[in-house]
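**Q** just a sequence and a predicted model for now, questions to come.
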Amino acid sequence: MNFDDTPQEAAFRAEAKAWIAANAPKQYEEELRKASLGRTVIKGVNLLEAAKAWQKKKADAGWACLHWPKEYGGRGASPIERVIWTQEEGPFGNLSRVFIIGHGMCGPTMMAFAGEEQKRKYLPPLASGEKIWCQLFSEPAGGSDVAGLRTRAEKQGDEWVVNGQKIWTSGAHYSDYGILLTRTDPTVPKHKGLTMFFLDMKSPGVEVRPIKQASGQSDFNEVYFTNVRIPDSQRLGAVGDGWNVSLTTLMNERMSIGAGVATGFPELFEFCNSLMLEDGPAIEDRNVRSKLANWAVKASGLKYTSMRTISALSKGERPGPENSIGKLVAASMIQDVAMYALDLQGAAGVVSSPEDAEVAGKFQAMLMRAPGTRVEGGTDEIMRNIIAERVLGLPGDIRVDKDVPFNQIPTKGRA
Amino acid sequence: MNFDFSDDQKQMRDAARKFLTEQCPPKAVRAVLDGKAAYDKALWKGLAEMGFLGVAIPEQFGGAGAGHLELCVIAEEMGRAIAPVPFSSTVYLAAEALLIAGSDAQKQKWLPKIAAGEAIGTLALFEGAGNPSPKAIKLAASGGTLNGVKKPVPDGAIADFAVVAARTGSTGRESDISLFLVDLKAGGVEVKELTNVDLTRGQAELTFKNCKAEPLGAAGEGWGVITQVLDRAAVLLAFEQVGGADRALEMGRDYALDRVAFGRPIGSFQAIKHMLADMYVSATLARSNCYYGAWALSTNAGELPEAAAAARISATQAFQHCAKNNIQVHGGMGFTWEFDCHMYYRRANATALTLGSLSYWEDALIDRMRKKNAA
């Protein structure tokens, strides 16, 4: 048992470290390091442009999408090398968030289902960040139950005509392309009538509207489709096989290995170390210590769970199911941490403006962004279902709509 | 990176599981639970024959000389089987205290007997309610004799010898505390058995009356040794707790798959599934914290105090969580004597206190993290 690199891993790490030291945008380092949930800003800098510049630089030197094949703009690196890169990239990885969906989900789906010519055309500029992709799955009527989506695609000659609405699409407003899950046959049970496409987001009839979130920020969009025409050549997988194609996408959802998931604990520990309460330093208060200890072991538990996964990758093994807990634990923890940090601030905890609030309003921003983390990318409840069914082997819930044609499934709870 | 046990260590785990499945089925645990024996003597002998009692004891003292990682994998299996034997008191507490502070002669006297299953040892630390603290130690040592009362002492009624923490000064500092080695069969100690939450493991009150004792380690250095012993034992016991947590989770999962209510397996209800998923989360977090503790223990790393506290807290929570919700998944049957759920519930809640309570370790963890932060 050790934390040491193998000689090959050490050589790769040294190479990555040296390249990052020579090329990373160090002028942003301090602010990227301070980034916390609900707050990644670099004063006076367009984050999207900075992200694209860093991605292009990486791609030109062969450090983009490490695990992709070289011919599609990647490096053909092993999973463990990808993890090492993430560790070494450190805070600069915070710049790459706009590419997560494209690199983690759209790219692998294209790789599995697009034609060779399409792959060679679309994947390299996706890898280099010159083109950004988004994923158009969720709908107002299909969130956790994504197979309940209603956006219609109808065949007309060699084209499909799409009408409907998507929601919660990250980055749609700056995306060039998207992968789109549609309903092509409403007369069969819901999972069987879906078909996947990719499309140019500049296509006529595509309208992107930002959603104003509960936090007041706008990270997501609604996307409306009005008679949008997509060539049949941009279909991914067979007609009616969209559900299986989407599973490929979701299976490739970025594993947050190496970078670590945000729990808010380091921020809270630092805060408690400096905060003075009436009776002395907060960190000496028994109540505070008990709370901190409970979160400390969750944070370290997640860290060392990730180390176990990395070890499996290092040995060329398939990681076990243990990494499935990360998102579930971290999402509700960061919310609880934020609430407690405000509690420690007493009445002043209510102030949220960075210039007036305690520690620049970091925890207030965290508090307001946190509810979204418990929903996006699979709600807490969906994550528990996944653990219960795929890890523990418990039966799936009874699905009353399983064998019912989609157009006969009730759409309202109460009349 | 190889943050995992080696293939050899995993083989040892498999061997321990096989041995305990055969030699320590729930029926064997029940014999002690029902008061038919103070501990499972046949199992104890078998563990010695398998080389498990002396796995971390050097060969020169009659052990296998393997190491603490090997002891961790065995500890996990002991916890999984809730083995009714004085393993933790003898191996984690007494043997580790001897290894840290014993003279060559003391090690030579007791360690081979421990490895052979011929001596049961324990640590007599607590004196009534409270957590580990030098201030709480009143039992007095002078002129090589001890006077005072220790309780609870794990496995104190069946132990052959005890490492006893005693007061040798009154300056109010840690250096007031020294350790002594007492042969409990040599007279001078009154033993009273204490019925406790975990009926598969013993607790006792030991009254020392002009009891002869030999010093263990240097005078005034007892508290430092106690701290080291508790950290090591915290990691090892955490592995037992993780083993127990995993087994309780499996029992709950299996029952949820088999039990049908409202026309379907209860494991298909989200209320049950989510409860079990949360148990898996606790057990997984604990296991990962334990691995870090194992690494720190086996390399004698400077991180051990922090890693031990984290493993202890996380594993205590996981075992308590899994044991109580295992009963909940079982419903009414889980609350019967007949079902095994309560044996895990008993062990979980007793083990949570053995080395000092959860709040004690929470406090310790933050202290240790602060020290690291300041350094």
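**A** Sure thing, it's come through.
**Q** can you name the residues that contact the residue of chain B found nearest chain A?
**A** As assessed by Cβ to the nearest Cβ, chain A sits closest to residue B:285 within chain B, at 3.1 Å. Just so you know, the C-beta spots here come from the backbone N, C-alpha and C atoms, and that holds for glycine as well. Shown in contact with residue B:285 (Cβ atoms under 8 Å, 6 or more residues apart in numbering or on different chains): A:297, A:298, A:301, A:302, A:305, A:325, A:329, B:314, B:318.
**Q** same question for residue B:222.
**A** Neighbour list for residue B:222: B:165, B:166, B:168, B:177, B:178, B:179, B:216 [criterion: Cβ under 8 Å, 6+ apart].
**Q** report pLDDT for the residue in the stretch 101-250 of chain A that chain B sits nearest to.
**A** Residue of the stretch 101-250 of chain A nearest chain B, by Cβ to the nearest Cβ: residue A:144 (11.8 Å). Listed pLDDT for residue A:144 reads 89.
**Q** from memory it sits against residue A:383, does it?
**A** No - taking contacts as Cβ atoms under 8 Å, residue A:144 lies outside contact range of residue A:383: 10.4 Å.
**Q** and the stretch 201-350 of chain A, which residues reach chain B?
**A** Within the stretch 201-350 of chain A, the positions near chain B by Cβ under 8 Å from any Cβ of the partner chain are A:269, A:273, A:283, A:286, A:289-290, A:292-294, A:296-298, A:300-305, A:307-308, A:310-312, A:314-315, A:322, A:325, A:328-329.
**Q** are any of the residues you listed buried, and which?
**A** A:269, A:283, A:289-290, A:292-294, A:296-298, A:300-305, A:307-308, A:310-312, A:314, A:322, A:325, A:328-329 (16 or more other Cβ atoms under 10 Å in any protein chain shown).
**Q** now, which of those residues lie within strands?
**A** Judged by DSSP state E, the subset of those located in strands is empty.
**Q** now do the strands in the stretch 101-250 of chain B.
**A** Using DSSP state E, counting those that start in this stretch, the strands of the stretch 101-250 of chain B run over B:121-124, B:140-142, B:145-154, B:161-167, B:177-183, B:189-194, B:203-212, B:214-216.
**Q** so what's the residue of the stretch 151-300 of chain A found nearest chain B closest to, chain neighbours aside?
**A** Residue nearest to chain B within the stretch 151-300 of chain A: residue A:293 (3.5 Å; Cβ to the nearest Cβ). Of all residues not flanking residue A:293 in the chain, residue B:362 sits nearest, at 3.5 Å (Cβ to Cβ, 6 or more residues apart in numbering or on different chains).
**Q** quick check, that neighbour in a strand?
**A** No - using DSSP: H, G, I helix; E, B strand; the rest coil, the assignment for residue B:362 is helix, not a strand.
**Q** pretty sure it contacts residue B:314?
**A** No - assessed by Cβ under 8 Å, residue B:362 is found out of contact with residue B:314, at 11.0 Å.
**Q** those two - which one has more neighbours?
**A** Neighbours per residue (other Cβ atoms under 10 Å in any protein chain shown) separate residue B:362 from residue B:314, with residue B:314 holding more: 35 against 23.
**Q** picking that back up, the residue of chain B closest to chain A and residue B:278: what is the separation?
**A** 11 Å (Cβ to Cβ, to the nearest Å).
**Q** same check, this time on residue A:61
**A** 45 Å.
**Q** repeat for residue A:96
**A** 32 Å.
**Q** secondary structure element holding the nearest residue to residue A:373 once chain neighbours are set aside?
**A** Leaving out its chain neighbours, the residue that sits closest to residue A:373 by Cβ to Cβ, 6+ apart is residue A:331, at 4.2 Å. Element membership of residue A:331, judged by DSSP states H and E, is helix A:326-344.
**Q** which helices and strands sit right next to that helix?
**A** Counting contacts by 3 or more Cβ pairs under 8 Å, 6 or more residues apart in numbering or on different chains; DSSP states H and E, helix A:326-344 is packed against helix A:265-274, helix A:286-314, helix A:362-373, helix A:380-386, helix B:270-299.
**Q** if we go to 7 Å?
**A** helix A:265-274, helix A:286-314, helix A:362-373, helix A:380-386 (3 or more Cβ pairs under 7 Å, 6 or more residues apart in numbering or on different chains; DSSP states H and E).
**Q** could you export those as JSON lines, including distance to residue B:129?
**A** Shown next, in JSON lines, are the helices and strands packed on helix A:326-344 (distance: least, Cβ to Cβ, whole Å):
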{"stretch": "helix A:265-274", "distance to residue B:129": "29"}
{"stretch": "helix A:286-314", "distance to residue B:129": "17"}
{"stretch": "helix A:362-373", "distance to residue B:129": "38"}
{"stretch": "helix A:380-386", "distance to residue B:129": "39"}
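**Q** the ones you listed into JSON lines, with extra columns for mean pLDDT?
**A** Listed next are these as JSON lines, based on pLDDT from 0 to 100:
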{"stretch": "helix A:265-274", "mean pLDDT": "96"}
{"stretch": "helix A:286-314", "mean pLDDT": "94"}
{"stretch": "helix A:362-373", "mean pLDDT": "94"}
{"stretch": "helix A:380-386", "mean pLDDT": "93"}
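**Q** of all the ones you listed, which lies closest to residue B:114?
**A** For those, distance to residue B:114 was read as Cβ to Cβ. The smallest value, 31.1 Å, belongs to helix A:286-314.
**Q** re the thing from before, which of the three states applies to the residue of the stretch 101-250 of chain A closest to chain B?
**A** Under three-state DSSP, residue A:144 comes out as coil.
**Q** how many residues are close by the nearest residue to it once chain neighbours are set aside?
**A** Once flanking residues are discounted, residue A:144 sits nearest to residue A:382: 5.2 Å by Cβ to Cβ, 6+ apart. Using other Cβ under 10 Å, residue A:382 has 16 neighbouring residues.
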